[in-house]
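1. generate coordinates for the sequence data below:
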Amino acid sequence: MADFGDEFAEVEVFEIRQDRRNEVAVVLLKDVASDLFLPIWIGELEAVSMEIALTRRTPPRPMTHDLLKSVISELGGDLVRVEIDRLVDQTYFASLIISQGEEEISIDCRPSDGINLAIRMGRPILAHRSLLQELHPSGREEEAEPEELDEGDFREFLKRISPSDFES
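-> Below you'll find the model as predicted:
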């Protein structure tokens, strides 16, 4: 396992579930070195694209993430890693770190797009350690919904949820 310093932890897709309560997909990322998780709510199309990549199915025509992979390669770049680095107003932010020759370029992206690209290119996904939470089996409080919480409340919500909350 590569060392990414003290700020970031390498994570992998643990599972993709439907959050029945909010009627959206959730990708659960798990720290490869611990039992810490990062749940990220994503769109249905991004979830389908992620499932296709994870199961190594090949669609008849390239999907958007396959196209981006080809564009990066054809322009002489290579995805080095994806970094999910912060949470602002209940929205996660991520960056594609792309090498082009001796230079590394950071490109802002949605975490779901970064994850999709990392899966396709076999590159690491990193999450800032401050975002990772231990998911407790006790579940979450009924009145707590992500879209109604401020950033501090949202972090508390993340501490209370468990993978079983996202079962279909």
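
2. ok, which stretches of the chain are helices?
-> In order along the chain, the chain carries the following helices (DSSP state H): 44-54, 64-74, 111-121, 151-160.

3. please identify the most buried of those.
-> Highest mean neighbour count among the helices of the chain (mean count of other Cβ atoms under 10 Å): helix 111-121, with a mean of 24. Any C-beta I mention is one placed from the backbone N, CA and C, and that applies to glycine too.

4. what does it rub up against?
-> Helix 111-121 is contacted from outside by 13, 27, 29, 40, 42-43, 46-47, 49-50, 53-54, 65-66, 68-69, 78-79, 81-84, 92-96, 109, 123-125, using Cβ atoms under 8 Å, 6 or more residues apart in numbering.

5. need the pLDDT of Lys159.
-> On the pLDDT scale, Lys159 is placed at 58.

6. low-confidence ranges, the protein, go.
-> For the chain, the stretches flagged by pLDDT under 70 are 1-4, 135-168.

7. quick one, strands of it?
-> With DSSP state E as the definition, the chain shows strands at residue ranges 8-19, 24-31, 36-42, 77-88, 91-100, 103-109, 125-128, 133-134.

8. spatially nearest residue to Ile52, not counting backbone neighbours?
-> Taking Cβ to Cβ, 6 or more residues apart in numbering, and ignoring the residues beside it in sequence, Ile52 has Pro59 as its nearest neighbour in space, at 6.5 Å.

9. please state the backbone phi and psi of the one you found?
-> The phi and psi values for Pro59, taken as degrees, to the nearest 10, are phi -70, psi 160.

10. and the gap between it and Thr91?
-> Shown here: Pro59 relative to Thr91, a distance of 28 Å by Cβ to Cβ, to the nearest Å.

11. over to Glu83?
-> Using Cβ to Cβ, we find Glu83 at a distance of 15 Å from Thr91.
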